[in-house]
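Colleague: here you go, sequence then predicted model.
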Amino acid sequence: MHIREDDTGAHPAVTPIYQVSAFEADSPYFYSRKNNPNVAELETVLKTLEGAKHAIAVTCGMSAIFMTLEILRPGDTMVVNPFIYGCSYRLLQRISERRGFKLVDLDFSEDSNIDKIPEETKMIFFETPTNPFLKSIDIEKVSKRVKEQNPEAVVVVDNTWATPLFQHPLELGADVSLHSGTKYFSGHSDVMNGVLMTDREDLAEEFRETRFYGGLMLSPENAWLTRRSLQTLELRLKQQQMVCAEMKDFLIQQPKVEKVFYPKIDGQQLKGYAGILFFELKGDYQKFMQALNIFKTGTAMACVTSMVAQPWSGSHASMTEEEKKQINLSENLVRLSFGLENPDDLKKDLLGAFQVL
Ligand code: PLP
């Protein structure tokens, strides 16, 4: 039981997986619910990419969002742009009802609505480009408005779709940039993780404590796999960016496509954009989806394989029909996430599916 290999001279080429729950008393890692070398290494890579002072890695994107809500107290006001991932929206509603903070829906992707952000706002949450429709929200203007009224307020940007390669919310005044690393960071639909990035010491400490006491720490294997995937992040994103732009131009010309949604790349806030777009389909989604061969169905996206999905029944299934209608989300909206396949093959696949409509 007590036999141990002396590996002090092993010098592995990459950091091995520290598949341990506990460390000896003289280790700085203490216990894997608090810290672990694989998580620490991943966090260093992530904060370097995002240009953040702190990165806190957790089990998945939803836990990262959940952890931000821990900051709110009864009577506080939180503002959300409703064009976000359906589960995030439902989580905000659930927690606000249970904890007694006020949740205000406001579409501040319309610049004129930024002035309507309530003075008492304690936290504001949004995705930009938005999901769905990929509209832009001006991070700098929103942060300025919120902070002018309450310097302590917390501006949270879900930066999952933009990625740190193309957008740095913290540089534009946001307090937290969070990610579902299950998407582009993993890139292979085989590992879940989430990350909170911040420059604020108070928030970093708060998030580390919540992670420790709430048991939301990322596992060593998932940290290791994600760290490995990050070696190809830039390569994957640049290829996906190229394919997605080409597919946008192709889709615009298709008679069965009503409208294509693609973000505005202004070069200031958003410096590029990778692999996911939406379009309104003229025809039955089920027929279209079943006729595709290369595009796979399911919840995966931002990965190496191309995926097709219907936000109505998928990413936004947690919203009520009424809520979906309020954001103009119809059953005809299709989400395509482009992988690393040859774009000519993807076009052929789509043309075949348009023909059955
Ligand atoms: N944020 C965004 C933008 C997402 O698209 C998702 C999941 O699709 C999440 C957060 C939740 O992340 P996870 O599934 O890793 O919990």
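Modeller: Perfect, thanks for sending it.

Colleague: tell me the pLDDT at Met1?
Modeller: For Met1, the model assigns a pLDDT of 85.

Colleague: tell me how many other residues crowd it.
Modeller: When neighbours are counted by other C-beta atoms under 10 Å, Met1 registers 2. C-beta: built from backbone N, CA, C; applies to glycine.

Colleague: give me the residues contacting the helix or strand where Leu165 lies.
Modeller: Element membership of Leu165 [criterion: DSSP states H and E] is helix 163-166. Residues outside helix 163-166 that contact it (C-beta atoms under 8 Å, 6 or more residues apart in numbering) are 46, 49-51, 177, 179, 184, 233-234, 237, 270-274.

Colleague: let's see 7 Å
Modeller: For helix 163-166, the external contacting residues (C-beta atoms under 7 Å, 6 or more residues apart in numbering) are 49-50, 184, 233-234, 237, 270-274.

Colleague: could I get the full set of strands for the stretch 251-357 of the chain?
Modeller: For the stretch 251-357 of the chain, the strands defined by DSSP state E, counting those that start in this stretch occupy 257-261, 276-281, 296-297, 307-309, 333-337.

Colleague: list the strands paired with the first one, with their directions.
Modeller: This means strand 257-261. Partners of strand 257-261 in the sheet, by DSSP bridges, are strand 276-281 (antiparallel).

Colleague: pLDDT on the strand it pairs with, on average?
Modeller: Rounded mean pLDDT across strand 276-281 is 98.

Colleague: can you list the buried residues in that strand?
Modeller: Neighbour-count burial for strand 276-281, with 16 or more other C-beta atoms under 10 Å as criterion, is recorded at 276-279, 281.

Colleague: so which elements touch the strand or helix carrying Lys238?
Modeller: Using DSSP H and E, Lys238 falls within helix 233-252. Counting contacts by 3 or more C-beta pairs under 7 Å, 6 or more residues apart in numbering; DSSP states H and E, helix 233-252 packs against helix 163-166, strand 257-261, strand 276-281, helix 343-355.

Colleague: out of these, which gets nearest to the ligand?
Modeller: strand 276-281 (9.2 Å; C-beta to the nearest ligand atom).

Colleague: what does the closest one rub up against?
Modeller: Applying C-beta under 7 Å, 6+ apart, the contact partners of strand 276-281 are 132-134, 161, 244, 248, 251, 256-262, 288, 301-302, 332-337.
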